[in-house]
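**Student:** Got a predicted structure plus its sequence, pasted below:
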Amino acid sequence: MSAMFEGNALSAMQTSHCHTSLNNYRMGLLSVVCVSLFFSSTFAVDRGNFKTCDQSAFCKRQRALKPGQSPYRALLETLELSDSRLTLQLINDNNKVHLLLELYRLQGNMTRVKINELKPLKPRFEVPDVLIAEPPTEPLSVLSKDDNGVVLSLGAENQRLIVSARPFRLDIMEGPEVLLSLNSRGLLAFEHLRLHKDTQAQADGAEVKESVDGDQQQDEGKKDEDGESEKEEDGLWEETFKSHTDTKPNGPTSISLDFSLPGVEHVYGIPEHADDLKLKTTDGGDPYRLYNLDVFQYELYNPMALYGSIPVMLAHNTQRTMGIFWLNAAETWVDISSNTAGKTVFGKMLDFVQGSSEKPQTDVRWISESGIIDVFIMLGPKPSKVFSQYASLTGTQSFPPLASLGYHQCRWNYNDQEDVKSVDQGFDQHDIPYDFIWLDIEHADGKRYFTWDPHKFPQPKEMLQGLMDKRRKMVSIVDPHIRVDSGYKIHNEITSKDFYVKNKDGKNYEGWCWPGNSGYPDFTKPEMRAWWASMFAYDQYEGSMENLFTWNDMNEPSVFNGPEVTMHKDALHGKWEHRDIHNIYGLYVQMATAEGQIQRSGGVERPFVLTRAFFAGSQRYGAVWTGDNAAEWDHLKISIPMCLSLGLVGVSFCGADVGGFFKNPSTELLVRWYQTGAYQPFFRAHAHLDTTRREPWLFGPENTALIREVIRQRYALLPYWYQLFYQAHKTGMPVMRPLWVDYPKDTATFTIDDEFLIGSDLLVHPVTEEGSRGVTAYLPGAEEVWYDVHTFQKHNGAQNLYIPVTLSSIPVFQRGGSIIPRKDRVRRSSTCMENDPYTLYVALSPKKFAEGELYIDDGHSFNYDTKKEFIHRSLTFANNALTSSNLCPDCNFLTSSWIEKVLILGASKPSKVLLKMDGKETPVDFEFDTSMSVLTLRKPGMNAGADWTLLLQ
């Protein structure tokens, strides 16, 4: 949920929250006006609340720097080489400031580059808690050295790292090819810490030169002859946006570095933005911004910041995939330019005909407000390798409880226990499965989190037990803004332990959020996180039970009356300013919450925590959603690239509010959104307080049937989803992924973001156009075949296939060569399906081959990890035999699930089918559909964990 603010006045709070007693809202608030903005005809962000690059002083200063000769030079005589790292001093010839360059060759084909001041006035912030460990290094060796530079060996495949001295530049090469260059455009700029008086003592005009260290533009100093006005204008030591002044006790501290990627035209990642999968060039507009913000009614197709930031970019061409991970938690802007941008297809053809030798190249520039330069270059070369490289740094997607992959029903707000009960019963009456029902902010007593409204939810345990009896679960919201109220235990404990964030004067920082005046716990403190985690214990969080899980919203953090609706940058977290840590605040909230859920079970049960704000590493703690979207067709469309972008940078557990949060969807849009959401990793319907109720059975029996059908499709595929999340947890491979990940040489896939793969084996092309009569899906793979999962019709790969659609259609295809397990019996929740039998869908390749896996564990505990209690089986069809073999012989887990059916698509008719098991052969009943070439084996009856072979004779 977002709120929109103007200056200091609460100018637009969503309606419901206006009934909070208004005498609470007096601290400096001019007025309270309740307006239902989202019903107005224009759905658009108030851009005036959020900075452009021009309004962000450091971005404006850095961007004024144009490519050219860098003032930085490497002092080769300072080079020191140990086993694991090379250090070297750089000097800025304009101001004689020395920097320290550190180079590391990391295991797994990665290079780390760190640049800091050699002797800063005080330490500069380096981001903790994001890397899972200090990355292991490999030896660097000097191949050659002269006055111009040093050539280092990176070991693998003739890879070299070249350090050029004057101007300073780094190139990573493989053979004769330059893979990537740093500072090749001379945009390295490092604003060193300085004393305020030093800056004031500068001669006229010099201050601007000084402001971006390494300014090489001769005319910069002439920008303003009056040094005084420059100080104001530059925002070096103070900056005002709207009514908020940011005091900058450390002065200018921004950093910048450029990267050139020869041969690259396609770059991806750096979420979160409501934009296409392929990143656009930013020439002539704003850079992409990474700064976690609560953006009320966000707009689509622009580079504005949203709720989360992952400073990781992937570059891909037919030869190689690489990644750049810029480890910095301050406000960051990313500029992208390309020498092929804006060229028409005709222009590119002309280049080709005329023999133009210009190689495509993408140039990227990172700009951050504070901290140091700490960048990891992941050299791939395959997409899967980049994913494992990034996972080795920041960890993999947490392995979610199976139930959390089912369907979630949410709105702001289910009113009371009776409402929860009647919604729960509605699912049973309409025979629709679901696993989680959610409670938003109104469930708590006066928005005091960890409590229950005594009138609406007087017996939370009774409510939770009622859900548990049906093997269902609940999520309650716990936000990180704490109501300032001396009668509130949580507030009193945080105050007595001195765990609140401080303002610049050292007093507790206070701001406005849903409860009114609120304090913000300092989650950067390990002891604060440990205390927060302890609050989830069953004896602390009264009324909670083991089937209650958590939603962390508003954790950017959202501060309704703060600058850009967030915390002041000069607020203090111990010795660090909020400006240094802003983008990791949300990660810390989710980390502490997940830890609390684990601890309350004695370390046995897996947590489920949904977060709105996130950073690199957030994948280790749970799920993410795309925030406060709207019931509009374009918002349905954008959910696909938004989740694809997150998957590419480690966060697989992503979804969007089904139906749209703001506004009321048409019935057609709602049905299409269910069909799309059922094939995205996190599947939750959610709606704003002022929307009409939209439980799945409220739109007439025909639409109820359509929604029921697609939710059931989701449940049938849970074994496949679960196995993919296990793989993501083990390897870092994204669950929902762009086609190019599996078809890296097929250029037709590089910009596709209206369809996607789930794992390698399902291709989904949701219908996202109003009134659509048909969609065109691209089926990749020249040697591949794809089977329509609904009709079993076979189609060749490497073609654009036109698919006629009705309102019941959701085009999904299974790749020939794959085996997908399903559970086709309908139950009320995923937990009720635990012992149900499996159906195996075997889709044969043109060479009559297929393979897949089956993963089974208890679905909720860490026993798969701590006790090796799981079943992991390889399923292979080859030479007319389907075989199940054990991938983990030393694992121990028993299941009562069995194989009740096998469908073989693209099969020939056998004369008989035999089951070979335990040294015996028994015949198996089968049917063959000649028209579709589908062979169905009925009730072969093997246990899902056993060794067996089905022979087709």
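**Tutor:** Yes, it's here.
**Student:** List the contacts of stretch 84-101.
**Tutor:** 71-76, 78-80, 102-105, 113-119, 137-140, 152, 163, 168, 190, 192, 209-210, 213-216 (C-beta atoms under 8 Å, 6 or more residues apart in numbering). C-betas here are computed from N, CA, C, even on glycine.
**Student:** what about that stretch, how long is it end to end?
**Tutor:** Taking C-alpha to C-alpha, to the nearest Å, stretch 84-101 runs 14 Å from one end to the other.
**Student:** That stretch - what's its average pLDDT?
**Tutor:** Taken as a whole, stretch 84-101 carries a mean pLDDT of 97.
**Student:** ok, now stretch 807-815?
**Tutor:** Stretch 807-815 comes out at a mean pLDDT of 98.
**Student:** sorry, back to before: among the contacts of stretch 84-101, which are in strands?
**Tutor:** With DSSP state E as the criterion, strands contain 72-76, 78-80, 102-105, 113-117, 152, 163, 190 from among the contacts of stretch 84-101.
**Student:** Now restrict these to buried residues only.
**Tutor:** Neighbour counting over those (16 or more other C-beta atoms under 10 Å) leaves 72-76, 79, 102-105, 113-117, 152, 163, 190 as the buried ones.
**Student:** mind checking how far Leu182 is from Leu101?
**Tutor:** To Leu101, Leu182 is 10 Å away according to C-beta to C-beta, to the nearest Å.
**Student:** anything in contact with each of the two?
**Tutor:** When contacts are counted by C-beta under 8 Å, 6+ apart, Leu182 and Leu101 are jointly contacted by Val113.
**Student:** residues in contact with Leu757?
**Tutor:** 736-739, 741-742, 763-764.
**Student:** Ile336 too?
**Tutor:** Ile336 sits next to 267, 279-282, 287-288, 362-365 when contact means C-beta under 8 Å, 6+ apart.
**Student:** Hmm, Asp294 is touching Ser2, no?
**Tutor:** Yes. Assessed by C-beta atoms under 8 Å, Asp294 is found in contact with Ser2 at 4.9 Å.
**Student:** The two - which one has more neighbours?
**Tutor:** Shown here are Asp294 and Ser2; by other C-beta atoms under 10 Å, Asp294 has more neighbours (30 against 24).
**Student:** pLDDT at that one, what is it?
**Tutor:** 98.
**Student:** Three-state assignment for it, please.
**Tutor:** Here Asp294 is coil, with the state taken from DSSP: H, G, I helix; E, B strand; the rest coil.
**Student:** burial count for Gly48?
**Tutor:** Gly48 - counted by other C-beta under 10 Å - has 9 other residues nearby.
**Student:** And for the one 3 residues further on?
**Tutor:** Under the neighbour criterion other C-beta under 10 Å, Lys51 is assigned a count of 24.
**Student:** isn't it right next to Thr566, touching?
**Tutor:** No. With contacts counted by C-beta under 8 Å, Lys51 stays clear of Thr566, the gap being 11.0 Å.
**Student:** that older thread, give me the common contacts of Asp294 and Ser2.
**Tutor:** Contacts common to Asp294 and Ser2, judged by C-beta under 8 Å, 6+ apart, are 558, 565.
**Student:** Which residue is the nearest non-sequential neighbour of Tyr268?
**Tutor:** Nearest residue to Tyr268 in three dimensions, chain neighbours excluded: Leu314, at 4.7 Å (C-beta to C-beta, 6 or more residues apart in numbering).
**Student:** Can you give me the neighbour number for the one you found?
**Tutor:** Count around Leu314 with other C-beta under 10 Å applied: 27.
**Student:** Wait, a strand at it?
**Tutor:** Yes. Leu314: assigned to a strand according to three-state DSSP.
**Student:** show me what contacts it?
**Tutor:** 267-269, 321-323, 383, 386, 648-649.
**Student:** let's see 6 Å
**Tutor:** 268-269, 323, 648 (C-beta atoms under 6 Å, 6 or more residues apart in numbering).
**Student:** Check the burial of Pro923 by counting its neighbours.
**Tutor:** Pro923, neighbours per other C-beta under 10 Å, totals 9.
**Student:** Relative to Leu187, how far out is it?
**Tutor:** According to C-beta to C-beta, Pro923 and Leu187 sit 73 Å apart.
**Student:** Same question for Ile437.
**Tutor:** Applying C-beta to C-beta to Ile437 and Leu187 gives a distance of 51 Å.
**Student:** Pick out whichever of those two has more residues nearby.
**Tutor:** Ranked by neighbour count (other C-beta under 10 Å), Ile437 and Leu187 place Leu187 first, with 26 against 22.
**Student:** Check which helix or strand the nearest residue to the more buried one once chain neighbours are set aside maps to.
**Tutor:** Counting by C-beta to C-beta, 6+ apart, the nearest residue to Leu187 once its immediate chain neighbours are dropped is Asp258, at 3.8 Å. Element membership for Asp258, per DSSP states H and E: strand 255-262.
**Student:** Report the mean per-residue pLDDT for the helix or strand that comes right after that strand.
**Tutor:** Going down the chain from strand 255-262, the next helix or strand is strand 266-269, by DSSP H and E. Average pLDDT, strand 266-269: 98.
**Student:** now strand 266-269, how far from the centre of its chain.
**Tutor:** 14 Å (C-alpha atoms, centre = their mean, to the nearest Å).
**Student:** strand partners of it, parallel vs antiparallel please.
**Tutor:** Strand 266-269 sits in its sheet next to strand 312-316 (antiparallel), going by DSSP bridges.
**Student:** Which residues does the very next helix or strand once past the strand it pairs with contact?
**Tutor:** Using DSSP H and E, the helix or strand that directly follows strand 312-316 along the chain is strand 321-326. For strand 321-326, contacts defined as C-beta under 6 Å, 6+ apart pick out 311-315, 366, 375-376, 378-380, 383, 386.
**Student:** which ones are touching Cys410?
**Tutor:** 438, 684, 686.
**Student:** so which of these comes closest to Lys730?
**Tutor:** Comparing these against Lys730 with C-beta to C-beta places Arg684 closest, at 25.3 Å.
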